[in-house]
Structure formats: structure tokens, C-alpha cells
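Asker: Need coordinates for the following:
(chains A, B, C and D)
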Protein chains: 2
Amino acid sequence: MNRMGMMTGNTEVGIQRRYLHDEVADRLRELIRSGQLKPHQHINELELCARFGISRTPMREAIKILATEGLLELLPNRGAHVTSVSQDELDEIMEVIAGIEATAGDLACRNASEGEIDAIAAMTDEMLATFDRRDEAGFFAINWRIHEAIVRAAHNSRLTALYATFTVRIQHMRYSAGRTSTQWQRAADEHRRMVALLRARDCETLCRLMRDHARASKPVILATYGDEHERG
Amino acid sequence: MNRMGMMTGNTEVGIQRRYLHDEVADRLRELIRSGQLKPHQHINELELCARFGISRTPMREAIKILATEGLLELLPNRGAHVTSVSQDELDEIMEVIAGIEATAGDLACRNASEGEIDAIAAMTDEMLATFDRRDEAGFFAINWRIHEAIVRAAHNSRLTALYATFTVRIQHMRYSAGRTSTQWQRAADEHRRMVALLRARDCETLCRLMRDHARASKPVILATYGDEHERG
DNA sequence: GTGCATGATTTTGGACGCAATAAAAATAGG
DNA sequence: CCTATTTTTATTGCGTCCAAAATCATGCAC
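Answerer: You can find the predicted model right below:
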């Protein structure tokens, strides 16, 4: 019996938190992020309820949340499925992300503390070291942390939340798509410039650079993951 | 009896749509937008259920959706209340909106059809006419439509949706805050420039202008509606 | 063999009920 | 009379139930 004294089928660890639906939403997001739930895949309420060991009410609330975030699509009387990302939609999402990062660049120049800039600079150095030793996996791992740090350095919680929502679905694409040597070199150079512009507090230029930087990765991702490279 | 053959207390018109929770969410948004539900105000599930003539399940799903959109705030075991906008939060939201409009400006230069630009130009002429005859109410009504049109002209549905979400709470502030003559003049001038830059397809400059334009309205709004000009 | 109608099964959408938490009220103690 | 504690009440969170819709399966005619 679980904490409510009901249901006995806790198959996948027990859930413990303020809101069940909140925890369930996190888990679903993680299933989607990790690819365990694939685009186009249908969501079976009862099956997932059994997996998590909960009833349908919090599951359905979580589904509504994910749908609002755009990760699930609701089909009237036919449940929900994982949102697929078509070529066009991926393009749209990338432009929104580019916009968020551009805004973050501008705001970070205005609001970031010296300490935050130092931290970003340190990570950038670290990343450039991985570049020198051709450690592509290491490079993109740090790359992601730098982008996140810049957005956080904007000191705008809504922007940070928005960034999280929009990157969750395409993060793995963005940081796994194989780049050519030229593209990789360019990314490294641009990151060097980012730090310089942050230090110079040059809002306008960093804003433009961030947008261009994000856009540069667009063709790579579109080529690699058009329609999430699968059809339902 | 309603369509489910249950509950008889349809006090506020019958609801008819694919999803009840969707209709309920729309109604709640409207209640918030119109100010019938005020910031800080507590949401009583049962009371609203009775008003809409529905059960708690779709109401709760709608509440989760509004919370995800940021219009409601959930309090564990104590329901929800309408999100209040503090000075700092208003500043954050305005910067996000500025970012969205800047992105829209850039994309509109790339993607807008000549027809769309003509429509925006026509609305701008109309608005400048209201400016000449000092019709402030008319000015801001058209102003809102122009901003919307530019965002739509970006041809990015996610950006458009994001814009709707972020403006719903502050729209009335943005377009009702009294401007000084100088500020009003500046807004008019900037709108003239927007059309010129759209025609010239000057992405970068329009992007910057949109951000600056949105930011210019920040002090006005902050001064007028600090913490939604009410406490508790 | 294919196309359509009809019935069985699955799954969804929404209503409802129970237990737990928290706010409110009532009581006791200082 | 004011504060601390208990009791009551209100309301929330979640589990469950029922009916409508959709899907699947079967059978029949063409």
C-alpha cells in the first residue's frame, strides 16, 4: 500500500513529493528527453499509471501540463502522443531559442556579476582545452553548461524557465549532431568572443552574436534530425 | 441536467466543446484578463465548479494549465491564487516580451510577405492619424494590433503563442498606462521607423528597434502598475 | 477478395468519494 | 482579556467509477 493506503502496484520506485502530478510531469519529461518515449508515440494512461504506481488523476494533470509545454499533443477522445518535431517546427524552435539566447546575451552584459563572468570564462577555457585535444564529447558537454550559465547570468527567471522548456526536446540534437571541423572551429571562436563581449559589457554585439551562434547550428541539426529522423 | 446527465447547477451558461478543461481554461484566462479574478485572489475550486456547472476534474486540469502558463500559482494543500506581478517580475516579463518582439522584428524582415507589410503600414498610417488628432485610446488600440501583426508576420507559431502567453497579463497595463507627450511622440516615430525597416528588410536594425521600443514602455508601466497597484 | 456494417473491447473524459492537510472556531489556561 | 491548545469545519489531493467514444474484430454481402 502506498501513502494513500491504496493501490499496490508500485512497479517503478515510490513517488514522494508535494504534488504527485508534479513528480509525474518530471518523470514524463525525463522519459521524453531520454528518448524512452519517442516522437509520435502514443501515451497510454493506464500503462504509465501502472508503471508509476499512481491513479489516473495526477497522470492526467501531468499530461495536461506537458501538453501546455508543448511536449505532448492531445487528441480529443484519443489520448495524447509525444509531439513530433517536423523540419519546419524544428526551425521554428531553433529561432525561438536563438531569440532567447540573444536576449540572455544582452541581459547578461547588463546584469551578470564579475564572478559569473569569471565562471563562464573558466568553463570556456576548459572547453577550448577539450577542443585542442579533439575531445568532441567533452566539448559539447561543457558547451551546454556555458549556454545555460549565460542564460542564468541574465538574472531573469522567466527567461531561464522558457529556455529550459524549449531546449528540453532538442538538447540532445543540438549537442550530438556531428559538426564539421570548420563548424566546430567556428563555434570555439564564437565562444571566445562571447567571453570578451561579456567582459566588455557590449550588450548589442553579444546579443547579435548569440543569435548568429545559435542559428549556425540550425543547418547541422536540421540535416541530422529532420522530423526527429523517424516517422510514426 | 447537463450533457453528462449529472449535476444541475449550470449557473453560467452551458459549456460545449471538445475538452471541458480547455473551455474552462479559456474562461479562467478571460476572468483574469478582465480583472474579475484579481492578483493575489484565492481560487476556490468548488465555487468555480458550481459557477461553470462542472465537476472538479476538468477544473483542476484547467488550473494546472493556467499554473504552467504562469497565470496561477499553486500552493501545496492550499489550492491556487492568481499570480501577482511584483515590480521585479514585471521587469522580467517586460524584458522577455522585448526579446520576443526583437526576435519577431528580425524574423518578420525575413519572412513577412509584401501584403503583410502593406497591412502593417496601413495600420501604422491609421495610428499616426489618431496621434495627429490626439486620440490616445484609438492610438493604443491600433498600437496593440500592430505589435500583434508584426509578431504574426514572423511566421513562427511558437513565437506567436509565447507572445500571447506573456502579454495576456500585462496587456492592459501596457496599453493603458498614461504616457507623456514626449513618450507618445517617440512611440509614434518608432512605429514609422518600423515600417521603413520592414520595407528595407533590415533585420538587425528592426530587431534592435523593437527591443528598445518595448523597453521604452517599461518605466511607464513600472511607475503606474508596481505590484499591479494592489496588495493582498 | 474487398468493402461495409455490426458487435465486442479498449480507452478516454468526466463525476464522485474518501482521507489528509490546513484554516477557522471554540475552549481552556494564564 | 489575551494567548495556547484542542476541536471543528472547509477544502484540497488523489483514487475510483461510469458512460461515451474510438478502435478492433467478426461477419456478411457483393
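Asker: what packs against the longest helix along chain A?
Answerer: Longest helix in chain A by number of residues, with DSSP state H as the criterion: helix A:87-111. If contacts are counted by 3 or more C-beta pairs under 8 Å, 6 or more residues apart in numbering or on different chains; DSSP states H and E, helix A:87-111 sits against helix A:136-153, helix A:157-167, helix A:181-200, helix A:203-224, helix B:87-111, helix B:157-167. No exception for glycine: its C-beta is placed from N, CA and C like everyone else's.
Asker: The second one and chain B, are they touching?
Answerer: Yes: judged by C-beta under 8 Å from any C-beta of the partner chain, helix A:157-167 comes into contact with chain B through A:157, A:158, A:159, A:162, A:166.
Asker: One more: the third one?
Answerer: No: Helix A:181-200 lies apart from chain B when judged by C-beta under 8 Å from any C-beta; the minimum separation is 15.5 Å.
Asker: Looking from DNA strand C, tell me which residue of chain A is nearest.
Answerer: residue A:79 (3.1 Å; C-beta to the nearest atom of the strand).
Asker: quick one: low-confidence ranges for chain A?
Answerer: For chain A, the stretches with pLDDT under 70 are A:1-17, A:174-178, A:224-232.
Asker: Please identify the residues of it in proximity to DNA strand C?
Answerer: When proximity is defined as C-beta under 7 Å from any atom of the strand, chain A approaches DNA strand C at A:4-5, A:42-46, A:56-57, A:60, A:74-79.
Asker: at 6 Å what do you get?
Answerer: When proximity is defined as C-beta under 6 Å from any atom of the strand, chain A approaches DNA strand C at A:5, A:44, A:45, A:46, A:56, A:57, A:76, A:77, A:78, A:79.
Asker: So residue A:38: helix, strand or coil?
Answerer: Three-state call for residue A:38 (DSSP: H, G, I helix; E, B strand; the rest coil): coil.
Asker: Let me see the backbone angles for the residue lying closest to it once chain neighbours are set aside.
Answerer: Of all residues beyond its chain neighbours, the one nearest residue A:38 is residue A:82 (6.3 Å), with distances taken as C-beta to C-beta, 6 or more residues apart in numbering or on different chains. With angles defined as degrees, to the nearest 10, residue A:82 sits at phi -70, psi 130.
Asker: For residue A:82, give me its contacts.
Answerer: Going by C-beta atoms under 8 Å, 6 or more residues apart in numbering or on different chains, residue A:82 touches A:32, A:37, A:38, A:39, A:40, A:41, A:43, A:71, A:72, A:73.
Asker: Could you point out which of the residues you listed is nearest to residue A:90?
Answerer: residue A:39 (10.9 Å; C-beta to C-beta).
Asker: For residue A:41, see how far away the closest residue in space to the closest one that isn't next to it in sequence is.
Answerer: Computed as C-beta to C-beta, 6+ apart, the closest residue to residue A:39 that is not its neighbour in sequence is residue A:84, at 3.8 Å. As for residue A:84, its distance to residue A:41 is 9 Å (criterion: C-beta to C-beta, to the nearest Å).
Asker: Then residue A:149?
Answerer: 33 Å.
Asker: Quick check, residue A:112 in contact with residue A:156.
Answerer: No: with contacts counted by C-beta atoms under 8 Å, residue A:112 stays clear of residue A:156, the gap being 11.3 Å.
Asker: Could you check which of these two has the larger neighbour count?
Answerer: residue A:156 (26 against 23; other C-beta atoms under 10 Å in any protein chain shown).
Asker: Can you name the residues that contact the residue of chain A closest to DNA strand C?
Answerer: Contacts of residue A:79 (C-beta under 8 Å, 6+ apart): A:42, A:43, A:44, A:45.
Asker: Save those as CSV, and put in neighbour count and secondary structure too.
Answerer: Conversion of those to CSV gives the following (neighbours: other C-beta atoms under 10 Å in any protein chain shown; DSSP: H, G, I helix; E, B strand; the rest coil):
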residue, neighbour count, secondary structure
A:42, 13, strand
A:43, 21, strand
A:44, 12, coil
A:45, 13, helix
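Asker: Distance of the closest residue to residue A:44 other than its chain neighbours relative to residue A:60?
Answerer: Nearest residue to residue A:44, sequence neighbours excluded (C-beta to C-beta, 6+ apart): residue A:79, at 7.4 Å. Plainly put, residue A:79 is 10 Å away from residue A:60 if you go by C-beta to C-beta.
Asker: neighbours around residue A:149, how many?
Answerer: Residue A:149: 18 neighbours (other C-beta under 10 Å).
Asker: Excluding residues flanking it in the chain, which one is nearest it?
Answerer: Here the residue nearest residue A:149, using C-beta to C-beta, 6+ apart, is residue A:120, at 5.1 Å.
Asker: any idea how far residue B:19 is from the one you found?
Answerer: 44 Å.
Asker: do residue A:101 as well
Answerer: With C-beta to C-beta as the criterion, residue A:101 and residue B:19 are 34 Å apart.
Asker: Also residue A:163?
Answerer: 29 Å.
Asker: Looking at these two, which is more packed in?
Answerer: residue A:163 (23 against 16).
Asker: Residue A:149 is in contact with the more buried one, correct?
Answerer: No: under the criterion of C-beta under 8 Å, residue A:163 makes no contact with residue A:149, lying 11.4 Å away.
Asker: tell me the contacts of residue A:37?
Answerer: Counting by C-beta under 8 Å, 6+ apart, the residues that residue A:37 touches are A:28, A:31, A:43, A:82.
Asker: switch the cut-off to 7 Å
Answerer: Applying C-beta atoms under 7 Å, 6 or more residues apart in numbering or on different chains, one finds that residue A:37 lies in contact with A:31, A:82.
Asker: Can you list phi and psi of it for me?
Answerer: Given degrees, to the nearest 10, the pair of backbone angles that residue A:37 has is phi -110, psi 110.
Asker: What count of nearby residues applies to residue A:160?
Answerer: 18.
Asker: What separation is there between residue A:149 and residue B:166?
Answerer: From residue A:149 to residue B:166 the distance is 24 Å (C-beta to C-beta).
Asker: Likewise for residue A:41?
Answerer: Residue A:41 is 30 Å from residue B:166, by C-beta to C-beta.
Asker: just residue A:159 next, same as before
Answerer: Distance of residue A:159 to residue B:166, given as C-beta to C-beta: 11 Å.
Asker: likewise residue A:78?
Answerer: 31 Å.
Asker: same thing with residue A:121?
Answerer: 32 Å.
Asker: In terms of neighbours, single out the busier of the two.
Answerer: residue B:166 (20 against 17).
Asker: Settle this for me: the more buried one is touching residue B:97, isn't it.
Answerer: Yes: with contact defined as C-beta atoms under 7 Å, residue B:166 reaches residue B:97; the gap is 5.3 Å.
Asker: Need the buried ones from the residues of helix A:157-167 next to chain B selected in PyMOL.
Answerer: Command for PyMOL that selects the buried part of the residues of helix A:157-167 next to chain B, burial taken from 16 or more other C-beta atoms under 10 Å in any protein chain shown:
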select buried, chain A and resi 159+162+166
